[in-house]
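Undergrad: What would the 3D arrangement of this be:
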Amino acid sequence: KNEIAAIIVEPVAGNMGCILPKPGFLAGLRNICDREGMVLIFDEVMTGFRLAPGGAQEKLQVQADLVTYGKVIGGGMPVGAFGGKKAIMEKIAPLGNVYQAGTLSGNPIAMIAGYTLLQELRQNPVIYKELDEKTVYLQDGLDKALQS
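TA: Residues are numbered from 1 along each chain as shown. Here you go, the predicted model:
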């Protein structure tokens, strides 16, 4: 108690086959963080904008305080970003005293690629429905094949 500043978690475990969390797990983390004054951070490097326009937060209905994103925001180009609640983001320069920079921060090619991808997703929300349907089809087919 009073020694842990934050919990960072992949809301959907990506490096072992995109495993969804058990119902209530993320909400439980959210409650612990609220109660103890800790920051809840979602690592959405793999899931951001892939599960829903609002990422895992939207799909799983749990809001993080900070979120990290990877190449998905750059249309596959090497880039990373983070965002979060206003009270935290105001601590980042130029408003606050926390300086952040990176070699590829704001790379114009990655930014236009990411912008283009996100615009395509916004203009064609059916992409998410089609992706969900293909996922179920693949899962059902694999389950059937592995049961044989």
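Undergrad: which ones are touching the residue positioned nearest the centre of the chain?
TA: In the chain, the C-alpha nearest the mean C-alpha coordinate belongs to E44, at 2.5 Å (Cα atoms, centre = their mean). Neighbour list for E44: E10, P11, G55, A56, Q57, V67, T68, Y69 [criterion: Cβ atoms under 8 Å, 6 or more residues apart in numbering]. For every residue, glycine as well, the C-beta is placed using N, CA and C.
Undergrad: ok, the nearest residue to it once chain neighbours are set aside - how many residues close by?
TA: Nearest in space to E44, with sequence neighbours left out and distances taken as Cβ to Cβ, 6 or more residues apart in numbering, is G55 at 4.8 Å. Using other Cβ atoms under 10 Å, G55 has 21 other residues around it.
Undergrad: Please report how far G55 lies from D43.
TA: G55 sits 11 Å away from D43, going by Cβ to Cβ, to the nearest Å.
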